[in-house]
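Colleague: this is a predicted model, with the sequence first.
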Amino acid sequence: MSFSERVIALIEAIPAGRVATYGQIATAAGNPRGARGVVWILRSSSKKHNLPWHRVVAAGGRIALREGEGREEQILRLGAEGIPVTEACLPIDRYQWDFRDTPWQNMVGF
């Protein structure tokens, strides 16, 4: 399974009401320095794979998207899932997804 396929599988597995960081996804997919690759995959594959892109945030719970480029939609979607966002940041310690015990770990290639 390629890095891209692992990233997509991880993002698909993020449950509603939880978030993961770009770095967390990259590390779990096998490339601890691949956060920018996760960004690229999200930009190029979110619509094609119907990914819950809004559940992926920057380190510390920051919303990385700029105004007019999806920031407002991401904040609205997270709010609809019960995740409060203030000043483009959310309480990551409360909402970060702990992926270590999820079913995707049993997938071939992980």
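Modeller: That came through fine. Numbers count the residues shown, from 1 in each chain.

Colleague: in a helix, G23, correct?
Modeller: Yes. Judged by DSSP: H, G, I helix; E, B strand; the rest coil, G23 forms part of a helix.

Colleague: and the pLDDT for it?
Modeller: With respect to pLDDT, G23 scores 95.

Colleague: switch to numbering from 119
Modeller: Noted, 119 is the first residue going forward, which turns the last one into G141.

Colleague: count of residues packed around it?
Modeller: 16 (other Cβ atoms under 10 Å). Just so you know, the C-beta spots here come from the backbone N, C-alpha and C atoms, and that holds for glycine as well.

Colleague: hmm, V174 and it touching each other?
Modeller: No. Applying Cβ atoms under 8 Å as the test, G141 and V174 come out as separate, 10.2 Å apart.

Colleague: who touches both of the two?
Modeller: V156 (Cβ atoms under 8 Å, 6 or more residues apart in numbering).

Colleague: tell me the helices and strands packed up against the longest helix seen in the chain.
Modeller: Determined from DSSP state H, the single longest helix within the chain is helix 153-167. Counting contacts by 3 or more Cβ pairs under 8 Å, 6 or more residues apart in numbering; DSSP states H and E, helix 153-167 packs against helix 121-131, helix 140-146.

Colleague: who's in contact with stretch 154-162?
Modeller: 121-122, 125-126, 129, 140-141, 143-144, 147, 149, 169, 171, 174, 182.

Colleague: for those residues, which one is nearest A198?
Modeller: Nearest to A198 among those: W171, at 14.1 Å, using Cβ to Cβ.

Colleague: how about that closest one, what does it touch?
Modeller: 129, 160, 164, 192 are the contacts of W171 under Cβ under 8 Å, 6+ apart.

Colleague: and if we set it to 10 Å?
Modeller: W171 sits next to 129, 132, 159-161, 163-165, 183, 188, 191-192, 195 when contact means Cβ atoms under 10 Å, 6 or more residues apart in numbering.
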